[in-house]
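**Q** Structure, please.
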Amino acid sequence: MSRCLPVWFYNESGIRVHASMAVLDTGEAILGITNWHVAKRIIECCDGGPGRLCQIGAVDLPAELFIARHPSLDLATFQLSETRLALSGRRAATIPEWPPAAPILGEIVMVGGYPGATYRRELQDEGKLEADFASFGARITDVNDRNFSIPIPLANSFSVSSKLIPPNEDLSGISGGGIYRVVETFEAGRLVSGRLDLIGIIYFGSPGWEVLFGHPLDSLKRNGEFSAV
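**A** I've put the predicted structure just below:
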C-alpha cells in the first residue's frame, strides 16, 4: 500500500529491526504514525552515526523529526515533509473529517504493514533492502476506548494475489501499520467510489493466536500531538 512505509534500523547489537509506519496528511502536517515502542528505539539507536540511521522506504528518517508520544497508548508520531515522502516512494492518506473516526464493533477493515523476516530481503550486491506489503481484510471483534482486536485466521484465508501468508506466520514488523475503514458509495446498486480511512494503528500481532491488536486514533491532533485520554 502506498500509504504505509517499511521501517529499518540497527540496534546496539547490530541486529536489524523492522517495523511499519502509516502516513497521514492532516491538512496541517504530514505525519508518520507508528508505535511508541518503535519510535523509542529509533530515538535511542539512530543518532546519524555510521550504521546508525533509520530508513523509511527509500529515504532516511532522522530521529529529531520525532513529534510526540501518546501519554498512555503505544502510539507516536514523526514529522514528514512532501520532499521526504516523495523520496520514500509513498503517498500520504487523508481523511474527510477530524479527528479520525473510532472503530466499530463488527465492521470489516483493511489492515496492513510490513512483516519481518519472510517478507523483507537484503540485496547485498545492490546494497538495498526490499519489503513486501502484507494486507488483510478482517472483522473487528472487540472494541473499547483504548484498543481493539482483529482476528486473522490465516488457515481459512484466501489471497487476491499470487502470495498467501501461511498459518502461524511471524508477523513481527507489522507494528505501526495502518488499520483502515472501507468506505464505499453506491448508486443504483453500482459501486461508484471507494476510499480507505485511517482509523487505527497496529501495535501487536500474535503469530500463535493470529490476532492483531490496534489503538484508535481519535486522540490524534492535526499537528501530530495527542490529547490525554
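
**Q** now the strand or helix carrying Ala86: mean pLDDT?
**A** Under the criterion of DSSP states H and E, Ala86 resides in helix 82-88. Helix 82-88 shows an average pLDDT of 92 in the prediction.

**Q** The chain: helices as residue ranges?
**A** 36-45, 82-88 (DSSP state H).

**Q** out of the ones you listed, nearest to Ile174?
**A** helix 36-45 (11.1 Å; Cβ to Cβ). In this view, the C-beta of every residue, glycine as well, is placed from N, C-alpha and C.

**Q** least trustworthy helix or strand in this structure by mean pLDDT?
**A** strand 120-123 (a mean of 59; mean pLDDT, DSSP states H and E).

**Q** Name the strands paired with the longest strand along the chain and say parallel or antiparallel.
**A** Secondary structure of the chain per DSSP state E: the longest strand is strand 190-206. Using DSSP bridges, strand 190-206 pairs in its sheet with strand 178-187 (antiparallel), strand 211-216 (antiparallel).

**Q** Lowest average pLDDT across these?
**A** Among the strands paired with strand 190-206, strand 178-187 scores lowest, at a mean of 88.

**Q** Give me the contacts around that one.
**A** If you take Cβ atoms under 8 Å, 6 or more residues apart in numbering as the criterion, strand 178-187 is touched by 1, 3-4, 20, 22, 33, 93, 101, 103, 107-113, 137, 150, 191-202, 214.

**Q** Quick one, which of these are buried?
**A** Neighbour counting by 16 or more other Cβ atoms under 10 Å classes 1, 3-4, 20, 22, 33, 93, 101, 103, 109, 111-113, 150, 196-202, 214 among the contacts of strand 178-187 as buried.

**Q** From Ser219, how far out is the spatially closest residue to Arg181 that is not a sequence neighbour?
**A** The shortest distance from Arg181 to any non-neighbouring residue, by Cβ to Cβ, 6 or more residues apart in numbering, is to Asp197 (4.5 Å). Distance of Asp197 to Ser219, computed by Cβ to Cβ, to the nearest Å: 16 Å.

**Q** how far away is the residue nearest the centre of the chain from Ala228?
**A** The C-alpha lying nearest the average C-alpha coordinate of the chain belongs to Gly177 (Cα atoms, centre = their mean; 1.6 Å). Counting by Cβ to Cβ, the separation of Gly177 from Ala228 is 25 Å.

**Q** which residues of the protein score low on pLDDT?
**A** 1, 116-131, 154-168, 206-208, 229 (pLDDT under 70).

**Q** ok, now with 80
**A** Applying pLDDT under 80 to the chain flags residues 1-2, 115-135, 153-172, 191-193, 205-209, 228-229.

**Q** In contact with Arg146, which residues?
**A** With Cβ under 8 Å, 6+ apart, Arg146 has these contacts: 72-73, 215-216, 229.

**Q** ah, wrong one, I meant Asp25
**A** Counted by Cβ under 8 Å, 6+ apart, Asp25 has contacts 31, 92-94.

**Q** repeat that for 7 Å
**A** Counting by Cβ atoms under 7 Å, 6 or more residues apart in numbering, Asp25 touches 92, 94.
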